[in-house]
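Engineer: sequence and predicted structure are below.
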Amino acid sequence: MAAGLAADLTRLVSDPARVFTAPQILDRLSHDFYWYSPILRSKLVSKVADIAVQPRDTQELIAVLQYAGCREVPVTVRGAGTGNYGQCVPLEGGILLDLSLMDKLEEITPDGVAVCQPGLRLGALETAARAQGWELRMYPSTLVKASVGGFLAGGSGGIGSVAHGGLRDFDTVRGFEVVTMEEEPRVMMHEGEAVHEILHAWGTNGVLSRIWFALTPAVEWTQITAAFPSYEEAFTFAESIACDSFWTKRLVTVFEWPIPSFFTPVKQIVREGKTLVLLMIATDQLEPLRRALATAGGEETFSGAFEGPRTQPLLSDYTWNHTTLWAMKSNPTYTYLQCGFSAADCRKQFQLLRERYGDEILFHIEFMKNGTGEVIPGAIPVVRFTTEERLNDMIAFCRSIGVFVANPHVNCLEDAGRFRADNIQLRAKQRYDPRGLLNPGKMISFQKERAAK
Ligand SMILES: Cc1cc2nc3c(=O)[nH]c(=O)nc-3n(C[C@H](O)[C@H](O)[C@H](O)COP(=O)(O)OP(=O)(O)OC[C@H]3O[C@@H](n4cnc5c(N)ncnc54)[C@H](O)[C@@H]3O)c2cc1C
């Protein structure tokens, strides 16, 4: 199959060097960070595309989709491959569409909207935006590598979400062009509410080819860490910063001990046995913050200016889902969950989890604003893995006590917890990919509907 495909695809892109058939390259491009999950690890390790192609522009992208559609060959899109759920792992082979070369920043408009191609790296966008007085509203901790298109299609939020919410909120994603997988692919503009048909749909119902992404005025930030004797004291301090609109902040994170002990490259910011709070705070608020910290009984362990993605140490490299990576490096039996605690009841929820699971669950909190403007303790707890049953028990227990869980141990949109209840992503797939060729197997409600026909 691959030989025929290779000959055909080579005719569709201007440079044959952008068509890949070497097994090692295909293996690398076919995988992301799915191995974070001990459950997905064995399920996805052997899944691999038959061929990969790197279009340079929308015309080449359309040509590849049209070709694949005519021959009913599956197509799985890849940005930078930093997703955690095996989102860009092709379950049924076919073509791996690597968009990393479609990485142009066209412009930043005077009112702060970046217009770009999907393969543009978020770190490059942050650097370009800061040079013009703007910055990203939010970004994943994979800032340097991850692409704008992959973030919109596979991510949810990150550093900055404490002030600006997630990708679905506050009109951050202004619009995009989507190439469809119809017999004659179309380029469809989506704006306003229509963006939600495609956002976080894992490339199952269209390919983002041009994006309008709203920025926010740049702030001079300081990274600061503080150690607290107990989790309760640290959490209460962090909560007071996160929830008070006086503070201009980009990141409010709490790591229960022993999580800080996993951060071996930045040992100097850690204090043995203590919970660590990590903040990005406006530099002009540093002195009042230090006073608040002293009052709360915290010990400052580090502070330094944030100077863009190349800052050293870049402390966001220890937050969001990077925390799990450091935990797994320290002990491979660790994995994680993605949770949303209740702002009002979180202390009770922490207590119930502690009573039932002891140190099988370690609290790692990332404060974030939700779509209604309330700041809540989001969390990516580190979890010691024993069996799938035990992990599912923990997820079910979380849900039973009102903790939201987006399950990162499944490989389909619906079970991962952020599928739209109004089914608009499914309806878009029926329109734009009626033969089910885009990232097949990841939107199971589409397959169930097809099977029932
Ligand atoms: C260490 C670590 C930390 C992380 N931290 C965060 C975090 O803080 N917040 C967060 O939200 N996520 C986080 N993630 C997940 C991931 O890094 C981000 O979601 C990232 O933005 C994905 O971008 P990518 O370019 O790597 O996408 P990919 O992994 O390449 O793709 C993600 C999904 O989007 C689809 N896709 C890619 N490009 C397009 C396109 N142009 N059109 C349609 N579909 C497309 C793919 O098919 C796939 O389903 C983390 C992951 C790791 C490994």
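Structural biologist: Yes, it's here.

Engineer: so which residues on the chain come close to the ligand?
Structural biologist: 32-33, 76-84, 87-88, 99, 118, 140-142, 146-147, 149-151, 153-158, 202-203, 207-208, 320-322, 325, 439 (C-beta under 6 Å from any ligand atom). Bear in mind the C-beta positions are built from the backbone N, C-alpha and C, glycine included.

Engineer: what about the closest residue to the ligand within the stretch 351-453 of the chain, neighbour count?
Structural biologist: In the stretch 351-453 of the chain, the residue found nearest to the ligand is residue 439; the distance is 5.4 Å by C-beta to the nearest ligand atom. Residue 439: 30 surrounding residues under other C-beta atoms under 10 Å.

Engineer: list the contacts of it.
Structural biologist: 74-77, 87-88, 90-91, 202-204 (C-beta atoms under 8 Å, 6 or more residues apart in numbering).

Engineer: same thing but 6 Å
Structural biologist: If a contact means C-beta atoms under 6 Å, 6 or more residues apart in numbering, then residue 439 has 76, 202-204 as its contacts.

Engineer: reformat those residues as a markdown table; add pLDDT and secondary structure.
Structural biologist: Below are these laid out as a markdown table (pLDDT from 0 to 100; DSSP: H, G, I helix; E, B strand; the rest coil):
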| residue | pLDDT | secondary structure |
| --- | --- | --- |
| 76 | 98 | strand |
| 202 | 97 | coil |
| 203 | 98 | coil |
| 204 | 97 | coil |
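
Engineer: for these, pick the one with the most neighbours.
Structural biologist: residue 76 (30 neighbours).

Engineer: now the strands for the stretch 301-450 of the chain?
Structural biologist: Along the stretch 301-450 of the chain, counting by DSSP state E, counting those that start in this stretch, strands occupy 334-336, 338-340, 361-362, 364-369, 375-379, 382-384, 404-406.

Engineer: which non-adjacent residue is nearest the residue in the chain that the ligand sits nearest to?
Structural biologist: Closest to the ligand within the chain is residue 150: 2.0 Å, counting by C-beta to the nearest ligand atom. Excluding its sequence neighbours, the residue lying closest to residue 150 (C-beta to C-beta, 6 or more residues apart in numbering) is residue 79, at 2.6 Å.

Engineer: what sits against the closest residue to residue 343 other than its chain neighbours?
Structural biologist: Leaving out its chain neighbours, the residue that sits closest to residue 343 by C-beta to C-beta, 6+ apart is residue 376, at 4.7 Å. Neighbour list for residue 376: 340, 343, 370 [criterion: C-beta under 6 Å, 6+ apart].

Engineer: mind listing what's buried along the one helix or strand residue 10 maps to?
Structural biologist: According to DSSP states H and E, residue 10 maps onto helix 2-12. Neighbour-count burial for helix 2-12 flags 2, 5-6, 8-9, 12 (criterion: 16 or more other C-beta atoms under 10 Å).

Engineer: dump these to TSV, plus distance to residue 108 and pLDDT.
Structural biologist: Listed next are those as TSV, based on distance: C-beta to C-beta, whole Å; pLDDT from 0 to 100:
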residue	distance to residue 108	pLDDT
2	41	69
5	38	92
6	39	95
8	38	95
9	34	96
12	32	96
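
Engineer: so where's the protein uncertain?
Structural biologist: Along the chain, segments meeting pLDDT under 70 span 1-2.

Engineer: before we move on, back to that, can you select the buried ones among the residues of the chain next to the ligand for me in PyMOL?
Structural biologist: To isolate the buried members of the residues of the chain next to the ligand in PyMOL, using 16+ other C-beta under 10 Å:
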select buried, resi 32+33+76+77+78+79+80+81+82+83+84+87+88+99+118+140+141+142+146+147+149+150+151+153+154+155+156+157+158+202+203+207+208+320+321+322+325+439
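
Engineer: let's see which of the residues of the chain next to the ligand end up in helices.
Structural biologist: Among those, the members found in helices (DSSP state H) are 149-151, 153-154, 322, 325.

Engineer: so what's residue 83 up against?
Structural biologist: Contacts of residue 83 (C-beta under 6 Å, 6+ apart): 32, 154.

Engineer: ok, residue 317 to residue 311 distance?
Structural biologist: 10 Å (C-beta to C-beta, to the nearest Å).

Engineer: between these two, which has more neighbouring residues?
Structural biologist: Taking neighbours as other C-beta under 10 Å, residue 317 and residue 311 compare with residue 317 leading, 20 against 15.

Engineer: which residue, other than its chain neighbours, is closest to that one?
Structural biologist: Going by C-beta to C-beta, 6+ apart, residue 317 has residue 141 as its nearest residue, at 6.5 Å.

Engineer: residues in contact with stretch 168-187?
Structural biologist: Under the contact criterion C-beta under 6 Å, 6+ apart, stretch 168-187 has outside partners 61-62, 65-66, 69, 113, 137, 188-191, 195, 198, 206-212, 214, 371, 432-433, 437-438.

Engineer: show me the contact partners of stretch 320-329.
Structural biologist: 141, 158, 262-263, 334, 336, 364, 366, 380, 382.

Engineer: which stretches of the stretch 51-200 of the chain form strands?
Structural biologist: 51-53, 75-78, 95-98, 105-108, 113-116, 134-136, 173-179, 187-191.

Engineer: which one of those lies nearest to residue 417?
Structural biologist: In terms of C-beta to C-beta, the element of these nearest to residue 417 is strand 173-179, at 19.4 Å.

Engineer: name the residues of the longest strand along the chain that are buried.
Structural biologist: Secondary structure of the chain per DSSP state E: the longest strand is strand 207-217. Applying a neighbour-count criterion of 16+ other C-beta under 10 Å, one finds 207-216 buried in strand 207-217.

Engineer: what's the answer for stretch 245-257, then?
Structural biologist: By neighbour count with 16+ other C-beta under 10 Å, stretch 245-257 contains the buried residues 247, 249-257.

Engineer: first-to-last residue distance for that stretch?
Structural biologist: One end of stretch 245-257 sits 28 Å from the other (C-alpha to C-alpha, to the nearest Å).

Engineer: quick one: contacts of that stretch?
Structural biologist: With C-beta under 6 Å, 6+ apart as the criterion, stretch 245-257 contacts 159-160, 162, 221, 231, 234-235, 238, 241-242, 273, 275-282, 319, 362-367.

Engineer: still on that earlier bit, residues contacting the residue nearest to residue 317?
Structural biologist: 316, 319-320, 322.

Engineer: which parts of the stretch 151-300 of the chain are helices?
Structural biologist: 161-164, 231-243, 286-296 (DSSP state H, counting those that start in this stretch).

Engineer: burial of the residue nearest to residue 12 when sequence neighbours are not counted, as a residue count?
Structural biologist: Sequence neighbours aside, residue 63 is the residue nearest to residue 12 in space, at 4.4 Å (criterion: C-beta to C-beta, 6+ apart). Look at residue 63: counted by other C-beta under 10 Å, it has 18 neighbours.
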